[in-house]
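# dropping the sequence and predicted coords here.
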Amino acid sequence: MSMIKPSHRGLLHKKLGVPEGKKIPEAKIEKAKESKSPALRKEATFAENFGHKSKLPMGEHHKDNHRAPSNHDEFHKMGGKGY
């Protein structure tokens with residue numbers, strides 16, 4: 001399932017004059033992020049973030065942040081509070 005609404009699919013490509021199926025150059029995205037149009041700025045920011053997230057395997061960026069401590073001492077080293 002795609003995060004992009006069907007009504008918005010290809011809209012940024014059309015606005016920036018890039019053929020669908022081609023990658024939008026980073027320079028065009030940066031320029032669109034400085035636009036006066038809030039909608040264009042939002043679309044450009046979404047495109048930039050969505051492009052980065054699709055390159056990471058699911059959960060890879062959180063792997064180290066969510067590991068469980070292996071023992072009681074490690075729990076306290078990780079900032080766990082005991083009662």
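Yes, it's here.
# centroid residue for this structure?
In the chain, the residue lying closest to the centroid (CA atoms, centre = their mean) is Asn49, at 3.1 Å.
# so where does it fall, helix or strand?
Asn49 is part of helix 38-53, with elements assigned from DSSP states H and E.
# would you mind writing the CA trace of that helix as PDB?
The C-alpha trace of helix 38-53 is given here as PDB (Å, rounded to 0.1, in the frame of the first residue of the first chain):
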ATOM      1  CA  PRO A  38       2.800  26.400   1.000                       C
ATOM      2  CA  ALA A  39       1.400  23.400  -0.900                       C
ATOM      3  CA  LEU A  40       4.500  23.200  -3.100                       C
ATOM      4  CA  ARG A  41       6.800  23.500  -0.100                       C
ATOM      5  CA  LYS A  42       4.900  20.700   1.700                       C
ATOM      6  CA  GLU A  43       4.900  18.400  -1.400                       C
ATOM      7  CA  ALA A  44       8.700  19.000  -1.900                       C
ATOM      8  CA  THR A  45       9.400  18.200   1.800                       C
ATOM      9  CA  PHE A  46       7.300  15.100   1.600                       C
ATOM     10  CA  ALA A  47       9.100  13.900  -1.600                       C
ATOM     11  CA  GLU A  48      12.500  14.500   0.000                       C
ATOM     12  CA  ASN A  49      11.500  12.600   3.200                       C
ATOM     13  CA  PHE A  50       9.700   9.800   1.400                       C
ATOM     14  CA  GLY A  51      12.700   9.200  -0.800                       C
ATOM     15  CA  HIS A  52      15.000   8.700   2.200                       C
ATOM     16  CA  LYS A  53      12.700   6.400   4.000                       C
END
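# which parts of it are buried?
Buried residues in helix 38-53, defined by neighbour count with 16 or more other CB atoms under 10 Å: 40, 43-44, 47. Every residue, glycine included, has its C-beta placed from N, CA and C.
# same thing with stretch 27-36?
The neighbour-count check on stretch 27-36 (16+ other CB under 10 Å) flags 28-29, 32 as buried.
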